[in-house]
Each structure stands twice: as structure tokens, then as C-alpha cells.
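> Kindly generate the corresponding structure for this input.
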Amino acid sequence: MKLPRLRPLEFIPHRAGEIQGFIIRDPLMLSGNVMFVPEPVVFILSFFNGEKEMVDLQESFMKRYGEMLFSEDVEKLIEDLDNNLLLENENYFNVLRKLKEGYKNSLYRKLFSLPKTYTDFEELRERIKKAVNEGELPGYGIISPHIDYERGMQGYALAYSGWKGLEGKTLIFLGVNHTPFEDDFILSSKGYETPWGPVETDLEVLNAIGKLLENPYENEIAHAFEHSIELNVSFLKALVRDFKMVALLVPSFSEYIERGTLPVGYEKLFELLHFLAEDEKYVLVSAADLSHYGLRFGDQEKAENLLPYVESFDKTLLKKAQEGDGDGFLSLFFSGRNATHVCGTGAIYVFLKSIKRKGKLLGYFNALDTDRTSAVSFAALIY
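This is a model prediction of the structure:
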């Protein structure tokens, strides 16, 4: 019997009582359920690549654990995974096709992240207004976090402190793609819903960017499940009455980082974004966090122990960002192969290659979990 193929998923270390295991997180959250599995099950799942046979798994399981793995137990696991849409099979593809059709027929990209955290949006709007002090207007661009508001409010507030000058402008959002469709540039043909009304797409800019990309709408469904642009558009909409947007999800360029080479073939895109940023009607926004470190992100040490190293590396990255040195920024990842799990590599790189200006660092932050085992860093800059 050939074992099925597992979809791209996140495995988050977690202890349930005395059992050490992992929470399986679906980036698309298709079933709405979260599965916890002990470590031996993760070993079993490592064989779910669509190529291995049941006998291969059973032999390896016996060698590792000294126990027989019964076929019926594996089949029950497969059934549970299938019911939760975690397998790359016809069941999953049917659901995905329906979702793509629904997105295609929708007027706006619907809210995805915020309703999971907040129910009183007027209260949230007041919190945002109180957090933001009037500051310097960005002339060309912004680097903002995309972490949740609870941990990142100060970073967002600094990034958008010049919000009064953004009225009536078009913001081109470069988002980080956390979905399985992360290898391509992906545009959204839809404007975005926010808790305070929709934000319309600037169709002229959208079409100009789309002409420079290969199949930019093929996996447009990724926008439906991606929070990085949603959180930035919504934060700004809480403050600014009238602005337009363009939403572009950017690849991480992880293949280039692994090879230790700079991306090629995107010069025309950079030139267009630079041309737009030079026009006072447009502002470029990179919606990007920095390092993700600690036990939750696969490190062997707690975040509080890694903090000095991470801060040092982040500040080196931010120095390149302030200098507007896109190639220098991305090159810093070559030797360590992105050891601190910076998720904003592509979004910040494309921003810097396009903005071609020096920036000003307004703030740098590390948000540690309450138990200090894991953390995310982020920053706010204007250009």
C-alpha cells in the first residue's frame, strides 16, 4: 500500500501533560480544527510523501521504536488526516477549487484574521487611534510589522505615525506569503474588506504590475488566508478615511538564499515600483516581521537565551535596510541560510530594491511569549 502525500503544514512543538509532541497547523485552516500528535506520529508522517510504501514505514518504525506498527492504526491516522483536509488528495483539491471559485466571484477579499481575535471593532479602532501619535510623513515608503496587534501595536503605531498624509493616496502593499503558494508573486484583483469598510484596488497600478509578472492571479486564493496585508490595510483604515491599495504577495526567495545568489529577472518590476514610489500619489509598504526564534520555531534553546544573538543579527539587517541596500540585506542570509527564520526576506528585499533610498528606523521590538520560550522580532521604518 502506497502512503498518501501530506500537504505543506506547520509543526509546532507542544507538550500536553507528560506527552511531548506537535500541533499540526494548516496555514489555510480549511477544517477549522487543530490536531495534536505525539512525536512517534510525526515520525510516521515523515513517510507521507506520496512515494513510500506501508512496508517501508513499518520496517523503519520497528527499527526506531522496537514496536510493531499495525496497518489499521496507520489507516485510522490517514482517515483522520483526510477528514481534516491535511492530505494532498482529491478531497483537498475539490475544496480548494470551490474556494478559488468563491474568491473569484466575491466583490472583496473578506476578513480572515481579525475576526478570530476581536469582536468589538469600535473598541479596537479607539485603541489604534490612541496608540498613534502624529509623526513624520513617509515620502516614499514604510516597513511595518504584520504581527498581531496585541504584541505589535507600538510597531504599527510608529510605522503609520504619518497617517494624516496618506489620505487620498494609493498604498502598494508587499506582503509575506505564509501559505503553501509561497514561491510566486501573487496579486489580488480584489480590494480588501476591513472592519471599517472596504478599501478599493487601484486598477491602473494593479494592471501595470500584473503585466510584468507571470501568472500573478493563478494562486490568488492565497490572499484569502494570508494575514500580513490584512493587518496593515485594516490598521490604516482605522485612521485614514480614503485611500486605495494594491496587494502583492512576495516570495521569500529561499531558493536563492540556499544557493547563495541574488535573484535575477525582476529588474522591470523594481523599476516600476521605484517609479511609483517617486510619485507623491503612491507609497510603498513592506508588511514584514523579522526573526522568529525559540522552541516553537524549531530551535533547541529558549528565545530568552537566543535574544542577544538575534538582536545583533537583526540590527545588522536593519542597518542594511536603513542604507537602502537590498542586495546587502539579502546577502546577509547566505552564510546562515536564514538561521533566525526571518519571514520578511522577500518583502523587505523587493521594497529596498524598489525604494532605492535611505530610511529612518523608528523602533525595533522583540515580542517574547509569556513563558519566554519563543519570540518574534519586528521593526518600523520610514523612507
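
> For stretch 281-291, buried residues please.
282-291 (16 or more other CB atoms under 10 Å). Any C-beta I mention is one placed from the backbone N, CA and C, and that applies to glycine too.

> ok now it, how far from the chain's centre?
Here stretch 281-291 is found 12 Å from its chain centre; the criterion is CA atoms, centre = their mean, to the nearest Å.

> Then stretch 174-193?
9 Å.

> what mean pLDDT does it have?
Per-region confidence: stretch 174-193 scores 92 on mean pLDDT.

> Dump the helix or strand harbouring residue 380 to PDB, restricted to CA.
Assigned by DSSP states H and E, residue 380 belongs to strand 374-382. Extracted as PDB, the C-alpha positions of strand 374-382 are listed here (Å, rounded to 0.1, in the frame of the first residue of the first chain):
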ATOM      1  CA  SER A 374       9.600  31.700  21.700                       C
ATOM      2  CA  ALA A 375       9.600  35.200  20.200                       C
ATOM      3  CA  VAL A 376       9.100  37.300  17.100                       C
ATOM      4  CA  SER A 377      11.100  40.500  16.300                       C
ATOM      5  CA  PHE A 378       9.900  43.400  14.100                       C
ATOM      6  CA  ALA A 379      10.600  47.000  13.300                       C
ATOM      7  CA  ALA A 380       9.100  50.200  11.900                       C
ATOM      8  CA  LEU A 381      11.000  52.300   9.300                       C
ATOM      9  CA  ILE A 382      10.000  55.100   7.000                       C
END
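
> helices or strands up against that strand?
Under the contact criterion of 3 or more CB pairs under 8 Å, 6 or more residues apart in numbering; DSSP states H and E, strand 374-382 touches strand 141-144, helix 149-159, strand 292-294, helix 303-323, strand 360-368.

> any idea which of those is most buried?
Most buried of the helices and strands packed on strand 374-382, by mean neighbour count (mean count of other CB atoms under 10 Å): strand 141-144, with a mean of 28.

> Residue 100: neighbour count?
15 (other CB atoms under 10 Å).

> Now do the same for the residue nearest to residue 136 when sequence neighbours are not counted: its pLDDT.
Nearest residue to residue 136, sequence neighbours excluded (CB to CB, 6 or more residues apart in numbering): residue 162, at 5.5 Å. In this model, residue 162 is scored at 95, pLDDT.

> Isn't residue 162 up against residue 139?
No. With contact defined as CB atoms under 8 Å, residue 162 does not count as touching residue 139 (9.1 Å).

> Which of those two has more residues huddled nearby?
Neighbour comparison, residue 162 and residue 139: the larger count goes to residue 162, with 18 against 14 (by other CB under 10 Å).

> and that one, how far is that from residue 360?
Applying CB to CB, to the nearest Å, the value for residue 162 to residue 360 is 11 Å.

> which neighbours do those two share?
136, 382 (CB atoms under 8 Å, 6 or more residues apart in numbering).

> hmm, who's touching the helix or strand of the chain with the lowest mean pLDDT?
When each helix and strand of the chain is scored by mean pLDDT, DSSP states H and E, strand 10-16 comes last, with a mean of 82. With CB under 8 Å, 6+ apart as the test, strand 10-16 has contacts from 20-27, 36, 42, 295-296, 298.

> Buried among those residues? Need that as a selection in PyMOL.
In PyMOL, a selection of the buried entries from the contacts of strand 10-16 looks like this (16+ other CB under 10 Å):
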select buried, resi 21+22+24+26+27+295+296
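
> In a markdown table: the contacts of strand 10-16, plus pLDDT, distance to residue 224 and secondary structure.
Below are those laid out as a markdown table (pLDDT from 0 to 100; distance: CB to CB, whole Å; DSSP: H, G, I helix; E, B strand; the rest coil):
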| residue | pLDDT | distance to residue 224 | secondary structure |
| --- | --- | --- | --- |
| 20 | 81 | 34 | strand |
| 21 | 88 | 29 | strand |
| 22 | 89 | 26 | strand |
| 23 | 89 | 22 | strand |
| 24 | 92 | 21 | strand |
| 25 | 87 | 17 | strand |
| 26 | 91 | 13 | coil |
| 27 | 86 | 11 | coil |
| 36 | 91 | 26 | strand |
| 42 | 93 | 28 | helix |
| 295 | 90 | 30 | helix |
| 296 | 86 | 25 | helix |
| 298 | 85 | 27 | coil |
